[in-house]
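[1] sequence and predicted structure, then a few things I'm wondering about:
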Protein chains: 2
Amino acid sequence: MSHQPGLARMASLIADPAREAMLVALAGGRALPAGELAAAAGVSAQSASRHLHKLVEGGLLQVWSQGRFRYYRIADERVAAAIEALCDLATRPPRQRKRPPAQLCFARCCYDHLAGELGVALADGLAARGLVRMAGQEARFTGKGRAWLAAQGIPREDIALCMDWTERRPHLAGPGGRAILAHLLDRKLLRGADKAEPRALALTPKGRAWFAKTLNRK
Amino acid sequence: MSHQPGLARMASLIADPAREAMLVALAGGRALPAGELAAAAGVSAQSASRHLHKLVEGGLLQVWSQGRFRYYRIADERVAAAIEALCDLATRPPRQRKRPPAQLCFARCCYDHLAGELGVALADGLAARGLVRMAGQEARFTGKGRAWLAAQGIPREDIALCMDWTERRPHLAGPGGRAILAHLLDRKLLRGADKAEPRALALTPKGRAWFAKTLNRK
DNA sequence: GCGATGTTTCACCGCCGTGTGAAATGTCGC
DNA sequence: GCGACATTTCACACGGCGGTGAAACATCGC
């Protein structure tokens, strides 16, 4: 548990509306005196002074005294990059929903077989146990695999590989993949996760136990 | 003054030690249940629940219910990028001093002429007033420029351009640049800014007035 | 020198956010 | 169904942080 206390500390420096306004005002790279920054942030000179002191102490700003003026500026490009990244986050709502719901990432139907994290994990687990052999775009059950199918009561069919949309790794498809998904649904190891999203699948309690046994056992 | 209140809001979401620990624990991309995140952050389950709720509401995390467990994960790559940028900031101290002091950025001697922001501003200002014509790596005084030199009492010399180290833009160099700097120092419009840094220059009060007049007037 | 201006320091107050304990909700194993 | 477990909700008290006013400090123009 090696903490990185600095992360929260840096964030807390930006987490104030007045300091945010100052940093945004300085984002162009120009140096501005304390008074202008106070006006930009809409706070009194005293408040601004303390805010600026904190930002300098935290290494976000550099200060440069010139006569009775004190010019503040962004310390370096990394500070600007962090501010930009947070700005990107803050103005993100439109894209926020573009990402597929987490349910679809975890487990879903891909045409007629199991995809998502669970589908990839199943393919990996069966391969790790030597039940399936994967080579390039091809896959087939080994002898052990055929015995396992029989023990599970899953009809033996040819399997293929399908590149996963969210995981970018292959999962089991083809007639064999269809048979496995049918088996999982039939034995109520999987169920529909959401009425509004018919492709999303969720594990049942029995299903979790089955996957734990199937994937974890050496 | 178009605020971007979201920036401070996003930062405040990260600005808590417990939430920082949670985000760091999730930074690998894996999804973890609330209990594990509570343990990772070293807080009680109630506190963790509220922290996680805030992170989800703020769009930093996505939650996915599976039975009595609730799995949380980083919402998307942009969140990860922002966290990484802040982490970069937090672990930056060694490099912090690598950047040239602000004094050197503002005004300094470059061999024998004026460089830094002030040098670039002077070159731009003279060009904008039609006193200097810049073309590629070449520069020369115009007729108006020669009159201005005479009025200032600066001897007329050929000028060259020098690419600025910090500004990445050209400033005036060569014999003319040297004469200008000598004039500015001689009339006490500029002075040494720091004993420890002989190249750093600072404006005197008179110098500020002179630059304001020289640069701002149409 | 003097007043004016830009900036900082100090002490005080109010508020928001967090931790905590008790209790409610939803889900699993039996 | 019942107890166990993971998680959430609620109400409350504490602490820290920011805003404000008064005053000190530094510098410029004259």
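    Thanks, I have the structure now.

[2] check contacts around the closest residue to DNA strand D within chain A.
    In chain A, the residue that lies nearest DNA strand D is A:Gly67 (3.0 Å; Cβ to the nearest atom of the strand). Where C-beta positions appear, they are placed from N, C-alpha and C, glycine not excepted. The contact partners of A:Gly67, by Cβ atoms under 8 Å, 6 or more residues apart in numbering or on different chains, come to B:Leu203, B:Pro205, B:Arg208.

[3] which non-adjacent residue is nearest the second one?
    So that's B:Pro205. A:Gly67 (6.3 Å; Cβ to Cβ, 6 or more residues apart in numbering or on different chains).

[4] now do the phi/psi pair for the one you found.
    Main-chain torsions, A:Gly67, degrees, to the nearest 10: phi 60, psi -140.

[5] with A:Leu189 instead?
    phi -90, psi -20.

[6] where does it land on pLDDT?
    Note on A:Leu189: pLDDT of 88.

[7] isn't there a strand covering A:Ala202?
    Yes. Using DSSP: H, G, I helix; E, B strand; the rest coil, the assignment for A:Ala202 is a strand.

[8] pretty sure A:Ala41 is touching A:Ala48, no?
    Yes. A:Ala41 lies in contact with A:Ala48 (Cβ atoms under 8 Å); the separation is 6.2 Å.

[9] what do those two both touch?
    Going by Cβ under 8 Å, 6+ apart, residues that sit against A:Ala41 and also against A:Ala48 are A:Ala18, A:Met22.

[10] that older thread, tabulate the contacts of A:Gly67 in CSV, adding columns for distance to DNA strand D and neighbour count.
    Converted to CSV, these look like this (distance: Cβ to the nearest atom of the strand, whole Å; neighbours: other Cβ atoms under 10 Å in any protein chain shown):
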residue, distance to DNA strand D, neighbour count
B:Leu203, 8, 21
B:Pro205, 3, 12
B:Arg208, 6, 14
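
[11] return only those of these found close to DNA strand C.
    By Cβ under 7 Å from any atom of the strand, no member of those lies near DNA strand C.

[12] could those residues go into TSV alongside pLDDT and distance to A:Glu138?
    Listed next are these as TSV, based on pLDDT from 0 to 100; distance: Cβ to Cβ, whole Å:
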residue	pLDDT	distance to A:Glu138
B:Leu203	86	74
B:Pro205	86	81
B:Arg208	87	76
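
[13] flag the shaky bits of chain A, pLDDT-wise.
    A:1-5, A:28, A:92-105, A:109-112, A:136-137, A:162-170, A:194-199, A:216-218 (pLDDT under 70).

[14] what's the local residue count around A:Leu60?
    When neighbours are defined as other Cβ atoms under 10 Å in any protein chain shown, A:Leu60 has 26 of them.

[15] for the closest residue to it other than its chain neighbours, what is the enclosing helix or strand?
    Distance criterion Cβ to Cβ, 6+ apart; nearest residue to A:Leu60, sequence neighbours excluded, is A:Val79 at 5.1 Å. Using DSSP states H and E, A:Val79 sits in helix A:77-90.
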